[in-house]
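Enquirer: Could you work out the structure for the sequence below:
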Amino acid sequence: MSELKFATRLNSFASGAHLYWPELQGKPSVLQMIQRAGTVQGLTHLDLNYPQHMVTDISTMKQAIEDAGLAVNGMQMRWDAPQFKIGAFTHPDARVRREAIALTQRGIDAGREFGATLMTLWMGQDGFDYCFQADYKKLWDDAVSAVREVAEYAPDIDISIEYKPNEPRAYSIFPNATTCLLAVDEAGCPNLGITLDFAHVLFANEVPAFAAAMVARRSRLLGLDLNDGWGKRDDGLMVGSVNPRATLEFLWQMQRDGYRGAYYFDTFPDASGLDPVREAEINIATVKRLLTLCQQLDNNPALEDAIRRQDAVASQQIVNDILLAR
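Expert: Numbering: from 1, shown residues only. Next up, the predicted model:
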């Protein structure tokens, strides 16, 4: 357990800012949020949004992260500028597409300076909202060719696609595991892979462990966003708070497939004003507990036999004895 990497969403630490900084007027700065993240017991890493979090020079940020006792796990692209509203990699204007690719390449370069070897692409702006709005084949070709160009720009960096069915677009170009696997296959770059966000997977009406198994079969699981939700939207709730059994199976599948990356918490304590420090600590404790339970599921002949026979009654009893033990 001591070698596990736990990372989290930096923007979470704006939650309840007036309680941590009574004198603060407005929102906390990036450097203040880094400092607050450093108070989380067990947290080892942060992910940074590019260019959103680049509000000062990188050397200053690196020092602040080091002073907080943390490191950078990876960079996450955010195409928030107004020109990308109807697409970044799939914008109808080739000049805007070039701008989006160049911005992503600069994000990769910034990540290298932080020592990060992972760039996550959540292409929320790339998609469509109406019938007869887009040429679907061109939209797809533009998305895949841009991902390929980004991956070829940085063969030493893992480039990971994070899918989500919709939001902000009504329909995303990469809405589920299947389309991501097809895109990775067509792009054909060895440093490409997929990030699974638990709440996004539920939102896509997928079974998390099944999605993880398919990613491991056809690609690489490069990133993991742990959270929970009710499956109707991207809730960003605490790990295991709604679907503990599915979370346990998800982690077990990932462990069996050799996942060694960070456990990143993409949760939204700021949505309801929770204490982000305590929330992150509970997430860490939950994952550690579930990983301990995964060890009890490993090399379990009775469970292996029940799964081989697809005997749901037997398998549920075995898992109940482990998950619900007094």
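
Enquirer: Next, the buried residues of stretch 248-255.
Expert: 248-255 (16 or more other C-beta atoms under 10 Å). The C-beta positions use only the backbone N, C-alpha and C, and glycine is treated the same way.

Enquirer: for stretch 316-324, same thing?
Expert: 318-319, 322.

Enquirer: rewinding a little: between the buried residues of stretch 248-255, which is nearest residue 277?
Expert: Of all the buried residues of stretch 248-255, residue 251 has the smallest distance to residue 277: 23.3 Å, by C-beta to C-beta.

Enquirer: hang on, that closest one packs against residue 286?
Expert: No - in this structure, residue 251 is not within contact of residue 286 by C-beta atoms under 8 Å, at 10.3 Å.

Enquirer: ok, so what distance separates the closest residue in space to residue 274 that isn't next to it in sequence from residue 263?
Expert: The shortest distance from residue 274 to any non-neighbouring residue, by C-beta to C-beta, 6 or more residues apart in numbering, is to residue 15 (5.9 Å). Computed as C-beta to C-beta, to the nearest Å, the residue 15 to residue 263 distance reads 20 Å.

Enquirer: got the contact list for the residue nearest to residue 274?
Expert: 269-270, 273-276, 279 (C-beta atoms under 8 Å, 6 or more residues apart in numbering).

Enquirer: low pLDDT regions in the stretch 151-300 of the chain?
Expert: Scanning the stretch 151-300 of the chain for pLDDT under 70 picks out no residues.

Enquirer: In it, mark out all the strands, start to finish.
Expert: 158-162, 171-172, 192-197, 221-226, 263-265 (DSSP state E, counting those that start in this stretch).

Enquirer: what helices or strands is the fourth one leaning on?
Expert: Pointing back at strand 221-226 there. When contacts are defined as 3 or more C-beta pairs under 8 Å, 6 or more residues apart in numbering; DSSP states H and E, strand 221-226 packs onto strand 118-122, strand 158-162, strand 192-197, helix 198-203, helix 244-256, strand 263-265.

Enquirer: Kindly reformat these as CSV and extend each row with distance to residue 49.
Expert: Listed next are the helices and strands packed on strand 221-226 as CSV, based on distance: least, C-beta to C-beta, whole Å:
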stretch, distance to residue 49
strand 118-122, 10
strand 158-162, 13
strand 192-197, 14
helix 198-203, 17
helix 244-256, 24
strand 263-265, 13
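
Enquirer: wait, what's in contact with residue 75?
Expert: 47-50, 107-108, 110-111, 114, 116, 118-120.

Enquirer: Return the distance of it relative to residue 158.
Expert: Distance from residue 75 to residue 158, by C-beta to C-beta: 11 Å.

Enquirer: what's the overlap in contacts for these two?
Expert: 118-119.
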